[in-house]
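J.: I'd like to go over a predicted model; first the sequence, then the structure.
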Amino acid sequence: MSQHSHDPADIAARISEPKSRGVLRDVVYGGIDGSVTTFAIVSGVAGAGLSPFVIIALGVANVLADGFSMAAGNYSATKSETDNLARVRAIEARHIEKYPHGEWLEVREILAGKGLEGELLDQATDAVTADRTRWIDMMVEGEYGLGGADPEPMRAAIATFLAFLSAGLVPLMPFLLGLDGAFRISAALTMCVFFGIGAMKSRWSLAPWWRSGLETLAIGGAAAAIAFGVGSLFHA
């Protein structure tokens, strides 16, 4: 379990620093999809008995095109979150301007839901509403349930693309290097990537690393098995 300092100065610095959602979701999302889709192509083409050149051509095309597509899609989705947050903040700013007492009462109700009451509740409400930015932040979280960490669309897109590219190239490496038994090596490496991504993901969950790794391995392995089985139906 991660530890951090509880010195008053450290607490003040940690709480006041800008909040960020981070790129964990984007890296896991891109890494799993990159390895799954690329190895699915490798499995399908190998199952059909086609040449290594075809595997390389289709695999590289998938890594670049699908990776860019995922990054663009993640950028658009994250940008939508940012735009929605800006829209909600603008709505609350207008409400505070036109109906200050009503918005004061809403803050009071939010704080009452957190356990404050009586004179202390009124004092806390006055303290929050004394600063417009803090007031809007409280309304965005308490009324709309939106988090305080602003998403960053470009960072999300770059993280997704790099994770997809890194994981997606692994199944292709044995073919690019012209190794004997390239498909078996590709399968082994890809299974290691599946397990590794799952194990890494457990750092931010309560699941044991081995269970998270096996879960991701099972998901990726199932996708690869389906692709190989479909490809085998078209084996010459």
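T.: Perfect, thanks for sending it.

J.: select the helix or strand of this protein having the lowest average pLDDT value.
T.: When each helix and strand of the chain is scored by mean pLDDT, DSSP states H and E, helix 8-16 comes last, with a mean of 70.

J.: can you name the next helix or strand after it?
T.: Going down the chain from helix 8-16, the next helix or strand is helix 24-47, by DSSP states H and E.

J.: ok, and for that following helix, which residues are buried?
T.: By 16 or more other CB atoms under 10 Å, the buried positions in helix 24-47 come out as 25-47. Quick note: C-beta positions are derived from backbone N, CA and C, even for glycine.

J.: and for stretch 66-73?
T.: Result for stretch 66-73 [16+ other CB under 10 Å]: buried residues 66-67, 70-71.

J.: got it, and stretch 94-105?
T.: Residues 95-96, 103-104 are the ones in stretch 94-105 that count as buried (16+ other CB under 10 Å).

J.: looks like V230 contacts G44 (just checking).
T.: Yes - contact criterion CB atoms under 8 Å: V230 and G44 qualify, at 6.0 Å.

J.: quick check: neighbours shared by these two?
T.: Counting by CB atoms under 8 Å, 6 or more residues apart in numbering, V230 and G44 have no shared contacts at all.

J.: give me the contact list for the helix or strand harbouring I219.
T.: Secondary structure from DSSP H and E places I219 in helix 209-232. With contact meaning CB under 8 Å, 6+ apart, helix 209-232 is reached by 32, 35-36, 39-41, 43-48, 187, 190-191, 193-199, 201-203, 205, 207.

J.: related to what we said a few turns ago, among the buried residues of stretch 66-73, which lie within helices?
T.: 66-67, 70-71 (DSSP state H).

J.: report the central residue of the chain.
T.: Centroid-nearest residue in the chain, with CA atoms, centre = their mean: R25, separated by 1.7 Å.

J.: where's that residue relative to G31, distance?
T.: Look at R25 and G31: by CB to CB, to the nearest Å, they are 11 Å apart.

J.: on that earlier part again, ok, the buried residues of stretch 66-73 vs G168, which is closest?
T.: Of all the buried residues of stretch 66-73, G67 has the smallest distance to G168: 6.4 Å, by CB to CB.

J.: any low-confidence regions in the protein?
T.: 1-4, 11-12, 14-21, 148-150, 235-236 (pLDDT under 70).

J.: how close does the residue of it most remote from its centre sit to D126?
T.: Of all residues in the chain, E119 has its C-alpha farthest from the mean position, at 42.6 Å, by CA atoms, centre = their mean. Distance, E119 to D126, using CB to CB: 11 Å.

J.: what's the answer for S43, then?
T.: S43 is 64 Å from D126, by CB to CB.

J.: do the same with G49
T.: 76 Å.

J.: just the terminal-to-terminal distance for stretch 174-187.
T.: 10 Å (CA to CA, to the nearest Å).

J.: pull out the buried positions in that stretch.
T.: Taking 16+ other CB under 10 Å as the criterion, stretch 174-187 shows 174-175, 182-183, 185-187 as buried.

J.: which one of those sits closest to P151?
T.: S186 (34.9 Å).

J.: what about the closest one, distance to P174?
T.: 5 Å.

J.: again, but for V63
T.: 15 Å.
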